[in-house]
Structures are given as structure tokens and as C-alpha cells.
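Asker: Predicted model and sequence below, questions to follow.
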Amino acid sequence: MFETLQERLSGALEKLAGKAALSEGDVAEALREVRVALLEADVSLPVARGFIRQVQEKATGRAVVKSVTPGQQVVKIVHDELIHVLAGDNPEAGRLKIDTPPATILMVGLQGSGKTTTTGKLAKRLTEREGKRVLMASLDTNRPAAMEQLAMLGTQTGVETLPIVAGQNAVDIAKRAKQQATLGGYDVVMLDTAGRMHVNDELMDEVMAVRDTAKPNETLLVVDGLTGQDAVNVAEQFDGRVGITGVVLTRMDGDGRGGAALSMRAVTGKPIKFVGIGEKLDALEEFHPERVAGRILGMGDIVSLVEKAQEHIEQAEAERMFKRFQKGRFDMNDLKGQLVQMQKMGGMQGVMGMLPGMGKLSKQMEAANLDDSILKRQVAIIQSMTKAERKNPQLMQASRKKRVASGAGIEVSEVNKLLKMHRQMADMMKKMGKMGKKGLMRGALSQMMGKGGLSPEAMAGPGAAPGGLPGGLPGLGGGGLKLPPGLGGLGKKK
């Protein structure tokens with residue numbers, strides 16, 4: 001999400017960042033471009049105007065003019081104002097209030113917004129990440145097979161669902177769910193209400209009746225992020241009639257504009273708590289305003305990257321790899337492990353999107369049709385090798401290379417690139433393995449970022465591919481995949 005907005009804002013602010021002194025004209029010109037970028041991203045006009053007004057007031061003050069780096073100071077002001085627009089005055093507003101069991105979460109929204117799937121995703125998240133015992137109940141007696149859909153999601157996620165009893169209305173089901181949650185010792189009960197194709201009195205009356213019966217701790221409105229400003233209008237109507245405590249934006253992986261997210265909190269006063277970023281049941285992320293603001297401005301999101309590493313990299317595996325690196329061992333099996341880990345963490349585009357200064361490089365890769373199929377191809381090459389060849393890549397002579405290339409369905413030149421990449425990574429791991437765990441992490445990050453921070457120019461080496469792509473990415477110019485092994489031993493928290 002926010003790709004278009006990120007591109008336009010970065011372009012506007014880059015003009016200021018390099019200047020030693022700023023005039024009011026410089027700031028005004030940059031903010032005109034920022035205003036256009038916000039409106040093109042489908043941010044509501046009042047929110048865009050208020051944002052520009054606040055930034056202009058702060059950016060033309062004496063503190064900025066006298067700053068050593070006024071351009072960077074303006075970028076910081078824009079960053080802080082973005083956080084304020086996304087979060088308001090309460091930085092903890094996005095946290096779910098489910099401390100008193102059995103806490104009730106009421107899921108509301110229009111039909112087709114992804115409400116039932118989001119219910120399953122959130123239940124899975126609460127169960128796996130917070131150790132909550134969750135009960136899901138479908139109150140949708142109108143849509144065919146709605147209850148069966150939630151029951152199926154419960155089976156897939158390992159979350160219990162309320163048994164279906166024919167003939168009950170939504171209020172009766174809510175009462176039964178609350179009673180079973182209390183008697184069964186559940187921490188959270190999630191009520192998935194019925195949706196309609198549009199906001200109407202029948203829908204609102206039913207939801208209000210369920211709300212009065214269930215007395216929910218949280219009432220989460222699920223809206224489709226692709227509907228733009230209409231999502232904000234739906235939120236206003238639900239809040240006015242039912243009273244919501246937060247919003248979940250779905251399908252944000254397919255929205256390059258993201259204006260609904262920027263407008264939602266400012267217009268409704270209700271925080272965005274989660275965003276859906278895919279169809280899979282683990283494709284639900286907490287909405288962190290400060291991290292999103294950083295990603296919009298191309299500052300990256302290292303915290304989310306580390307959290308992804310903790311989620312996907314096992315502690316035992318990280319420890320095993322670290323011991324191998326200390327001994328200077330790094331074979332093709334280890335390389336395959338690194339490539340697979342990168343795929344799990346969102347692939348090259350997903351990881352690079354969280355690293356500072358990588359927005360342009362990500363666009364260059366997209367323009368060059370370089371995607372995660374490269375990682376799959378690298379893994380296929382390794383899988384075409386024998387056990388002995390994986391353990392000892394020095395065995396790979398001409399005849400063996402031809403056989404592996406044939407088995408993987410690629411050219412011999414790609415096998416040579418992979419072997420070169422392995423040699424470079426092996427040398428790097430050997431050096432960093434001598435530094436200890438902290439040194440390993442420091443060394444890996446310095447390999448990625450360099451002294452001046454991560455940028456396409458800093459990463460591009462002698463083997464860079466056309467268009468400024470770095471030689472340090474797998475298969476791009478034959479360089480090594482310069483990502484930290486297991487991110488320096490980070491594993492799942494115990």
C-alpha cells in the first residue's frame with residue numbers, strides 16, 4: 001500500500017533534503033507537490049488541507065531556518081505530522097482492550113468487505129501470538145453458508161467455533177456465545193455479524209440489538225480499503241449509529257494509494273487497528289502509525305522486519321547456523337536456507353520495502369521484471385545438486401554444472417552466478433562469524449547499509465545489473481545475497 005504516495009512524497013521532499021538553506025518559496029513549492037500527492041492518493045480534501053497547513057506553520061518557523069540541516073528538518077516535520085494524522089493524540093489507541101475475560105469483540109461491516117475472513121485471521125493471531133483462548137460465533141443468518149464458512153475457518157486456524165443451531169436469530173446466538181464463553185473459560189469471544197450490500201436501517205437495527213446484548217469490549221468495523229473515500233463514509237455511518245472502537249482495512253496489499261487509511265482516523269476519530277494484506281490467514285498486520293509513516297517517506301521499517309524474522313526463524317536453527325559460521329562453514333544447504341527464509345519473510349520486495357532508502361530500487365526491480373521467481377530459481381538450482389555437491393560446492397566442474405542446469409531448466413551461466421554468489425557469501429560469513437553474535441548482526445547490517453545508510457547507489461557494486469540494480473542481490477549481476485543470516489541469530493521468543 002501507499003506506493004504512489006511514497007513515490008510522490010519522496011520526490012517532493014528530496015528537493016529540500018539536499019539544500020543548505022531554505023526559503024519560504026522552497027517550502028511552499030514542495031508542499032504544493034505534497035498536497036497534489038495526498039489528493040491523488042485519495043486522501044479527503046479537509047484532511048489534506050489540514051495536513052499542509054500544520055506542516056507549513058512548523059516548517060517556516062525560526063527553528064527550521066536556523067537548523068543545520070533545514071531540509072531534513074522539514075522531512076521530520078512531515079513525518080511527525082503523518083504520525084499525528086494516522087494516530088491522533090493517543091499512541092496506544094490501536095491496542096485491543098481485551099483484558100477482562102471473556103472479552104467480546106463485535107465484528108461489523110458491509111457484505112463483501114472480508115469480515116468473516118478477518119474474524120478468522122484475528123482469532124488466529126490472538127491464539128498464536130497472545131496465547132488467548134478464542135471462541136468464534138457467526139451471527140449471519142441471512143447469507144447462505146455464512147456459518148459454515150466460519151466453522152471451516154475455525155478448523156483451518158485451530159480456533160473453536162460455536163455449534164450451529166438452526167432457527168436462532170442474531171441476538172439469541174450472541175447470548176448463547178457469551179454464555180458458552182463464560183462457562184468454557186474462554187478469554188475472547190468473537191461475534192461475526194451479518195453484512196448488507198449497503199448501509200440500511202435493517203442492518204443497523206440488528207447490529208445495535210446485538211451490541212446491546214453482548215456489550216462488547218471492542219466493536220471493529222471491517223472496510224474494504226479499495227473503496228477509497230467511501231470506506232470513510234461507511235465508517236462515519238456505522239460510528240454514528242452503532243459506535244465503533246476501531247477499524248480494520250482489508251485488501252491493502254492491492255491499494256497503491258492508501259488514502260482511506262490516511263483519512264480514516266482524522267475524519268472519524270477512530271483508530272485503524274489492523275490491515276489485511278493478503279488472502280492467507282496470517283496476512284493480518286497491526287497498524288503502527290509511526291512505522292507506516294516511515295515507510296511512506298522511504299525511511300523503512302526495521303522493527304517490522306525484525307518482527308518478521310522472529311516470527312519465521314526458529315531460535316534453534318539460528319543457533320545452529322551461528323555455530324557453523326563461527327567455524328567458517330557455509331555450504332549450499334545453508335544458502336538454500338537463507339533463500340527460503342527470505343521467501344517466508346515476504347520475498348525481496350517485502351524485505352526491501354522495510355529497509356531505509358529502498359523505494360527506488362524496488363521500483364527499478366519491478367520495471368526490470370525482477371521478482372521472487374529469482375529466489376525460487378536459485379532454490380531449484382540447489383535442489384538439482386547431489387548431497388555431496390551441496391556440501392562441497394568445489395566439486396562443481398563443467399560436466400556437473402551442465403547436469404544441474406539441465407535438471408533446473410536453466411542455462412549454465414546461472415549456475416555459475418549462483419556459485420559465485422555462494423563464494424562471496426561464504427567469505428562474508430566467515431569474517432562475521434569471528435565477531436560473535438553482536439558482531440555478526442552489526443557486520444550483516446553494515447554489509448547491507450554501508451556507512452552512509454542503505455541506498456541503491458551504496459549497494460551497487462562492480463557487478464551491478466543495468467539500471468543501478470545492486471550486485472548484492474541473488475541473481476542480479478552475480479553478487480551475493482547480503483542479508484543477515486537469520487538476522488544475526490534472532491529467533492522466536494521463548
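Answerer: Yep, that arrived.
Asker: Which parts of the stretch 151-300 of the chain are strands?
Answerer: Using DSSP state E, counting those that start in this stretch, the strands of the stretch 151-300 of the chain run over residues 160-161, 188-192, 218-224, 246-250, 272-276, 284-286.
Asker: which residues sit against the fifth one?
Answerer: This means strand 272-276. With CB atoms under 8 Å, 6 or more residues apart in numbering as the test, strand 272-276 has contacts from 1, 86, 94-96, 114, 117-118, 121-122, 220, 225, 246-253, 261, 264-265, 283-287. For every residue, glycine as well, the C-beta is placed using N, CA and C.
Asker: Mind giving me the PyMOL select for those, buried ones only?
Answerer: Command for PyMOL that selects the buried part of the contacts of strand 272-276, burial taken from 16 or more other CB atoms under 10 Å:
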select buried, resi 1+86+94+96+114+117+118+121+122+220+225+246+247+248+249+250+251+252+261+264+265+284+285+286+287
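Asker: How is the nearest residue to residue 160 once chain neighbours are set aside assigned, secondary-structure-wise?
Answerer: Excluding its sequence neighbours, the residue lying closest to residue 160 (CB to CB, 6 or more residues apart in numbering) is residue 135, at 5.4 Å. Three-state assignment for residue 135 (DSSP: H, G, I helix; E, B strand; the rest coil): strand.
Asker: how about residue 135, what does it touch?
Answerer: Per CB under 8 Å, 6+ apart, neighbours of residue 135: 102, 159-162, 177, 180-181, 184, 186, 188-190.
Asker: nearest to residue 386, of those?
Answerer: Nearest to residue 386, judged by CB to CB, of the contacts of residue 135 is residue 159 at 43.6 Å.
Asker: The closest one - how many residues pack around it?
Answerer: Neighbourhood size, residue 159 [other CB atoms under 10 Å]: 24.
Asker: Quick check: closest non-adjacent residue to it.
Answerer: Spatial nearest neighbour of residue 159, chain neighbours left out: residue 123 (4.4 Å); criterion: CB to CB, 6+ apart.
Asker: Pull out the buried members of the contacts of residue 135.
Answerer: By 16+ other CB under 10 Å, the contacts of residue 135 give 102, 159, 160, 161, 162, 177, 180, 181, 186, 188, 189, 190 as buried.
Asker: Tell me how many other residues crowd residue 339.
Answerer: 21.
Asker: what does residue 143 give?
Answerer: 14.
Asker: check which helix or strand covers it.
Answerer: Under DSSP states H and E, no helix or strand contains residue 143.
Asker: Can you report phi and psi for it?
Answerer: phi -80, psi 130 (degrees, to the nearest 10).
Asker: who touches it in this structure?
Answerer: 111, 194, 195.
Asker: Residue 193 too?
Answerer: 106, 107, 108, 115, 139, 140, 170, 206, 207, 210.
Asker: For residue 394, state which of those is nearest.
Answerer: Out of those, the member with the shortest distance to residue 394 (by CB to CB) is residue 115, at 56.6 Å.
Asker: wait, isn't that closest one in contact with residue 195?
Answerer: Yes - the criterion here is CB atoms under 8 Å, and residue 115 meets it with residue 195 at 5.8 Å.
Asker: any shared contact partners between these two?
Answerer: Shared contacts of residue 115 and residue 195, defined by CB under 8 Å, 6+ apart, comprise 108, 109.
Asker: Using the three-state scheme, assign residue 104.
Answerer: Classified using three-state DSSP, residue 104 is strand.
Asker: separation between it and residue 53?
Answerer: Separation of residue 104 from residue 53 (CB to CB, to the nearest Å): 40 Å.
Asker: cool, and residue 44?
Answerer: Distance from residue 44 to residue 53, by CB to CB: 14 Å.
Asker: more neighbours, these two?
Answerer: More neighbours surround residue 44 than the other of residue 44 and residue 53, with 21 against 12 (other CB under 10 Å).
Asker: where's that one relative to residue 181, distance?
Answerer: In terms of CB to CB, residue 44 sits 39 Å off from residue 181.
Asker: Check residue 271 too.
Answerer: According to CB to CB, residue 271 and residue 181 sit 25 Å apart.
Asker: cool, and residue 16?
Answerer: 54 Å.
Asker: do residue 125 as well
Answerer: In this view, residue 125 and residue 181 are 18 Å apart by CB to CB.
Asker: okay, now residue 232: neighbour count?
Answerer: Around residue 232 there are 26 other residues, counting by other CB under 10 Å.
Asker: That one: what's it in contact with?
Answerer: Counting by CB under 8 Å, 6+ apart, residue 232 has contacts 44, 260, 263, 264, 267, 268.
Asker: Local confidence estimate at the nearest residue to the last one once chain neighbours are set aside?
Answerer: Okay, so that is residue 268. Excluding the flanking residues, the one nearest residue 268 by CB to CB, 6+ apart is residue 235, at 4.8 Å. Looking at residue 235, its pLDDT is 88.
Asker: Can you tell me which of the contacts of residue 143 is nearest residue 416?
Answerer: When the contacts of residue 143 are compared against residue 416 (criterion: CB to CB), the nearest one is residue 111, at 54.7 Å.
Asker: Assumed that closest one was part of a strand.
Answerer: No - under three-state DSSP, residue 111 falls outside any strand and is assigned coil.
Asker: Just give the closest residue to it, not the sequence neighbours.
Answerer: Once flanking residues are discounted, residue 111 sits nearest to residue 195: 3.6 Å by CB to CB, 6+ apart.
Asker: Can you give me the distance of the one you found to residue 202?
Answerer: Going from residue 195 to residue 202 by CB to CB gives 12 Å.
Asker: what packs against the one helix or strand residue 74 maps to?
Answerer: Element membership of residue 74, judged by DSSP H and E, is helix 70-87. Secondary-structure packing of helix 70-87 (3 or more CB pairs under 8 Å, 6 or more residues apart in numbering; DSSP states H and E): helix 3-17, helix 24-40, helix 45-59, helix 62-65, helix 259-268, helix 289-296.
Asker: Looking at the ones you listed, which is nearest to residue 425?
Answerer: Closest approach to residue 425 among those (CB to CB): helix 289-296, 27.7 Å.
Asker: Just the CA trace of the closest one, in CSV.
Answerer: C-alpha atoms of helix 289-296 as CSV (Å, rounded to 0.1, in the frame of the first residue of the first chain):
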residue,chain,number,x,y,z
PRO,A,289,1.3,4.7,12.6
GLU,A,290,4.9,5.6,13.2
ARG,A,291,6.1,2.6,11.1
VAL,A,292,3.6,3.3,8.3
ALA,A,293,4.8,7.0,8.3
GLY,A,294,8.4,5.8,8.0
ARG,A,295,7.6,3.6,5.1
ILE,A,296,5.6,6.3,3.3
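Asker: Average pLDDT for that helix, rounded please.
Answerer: 74.
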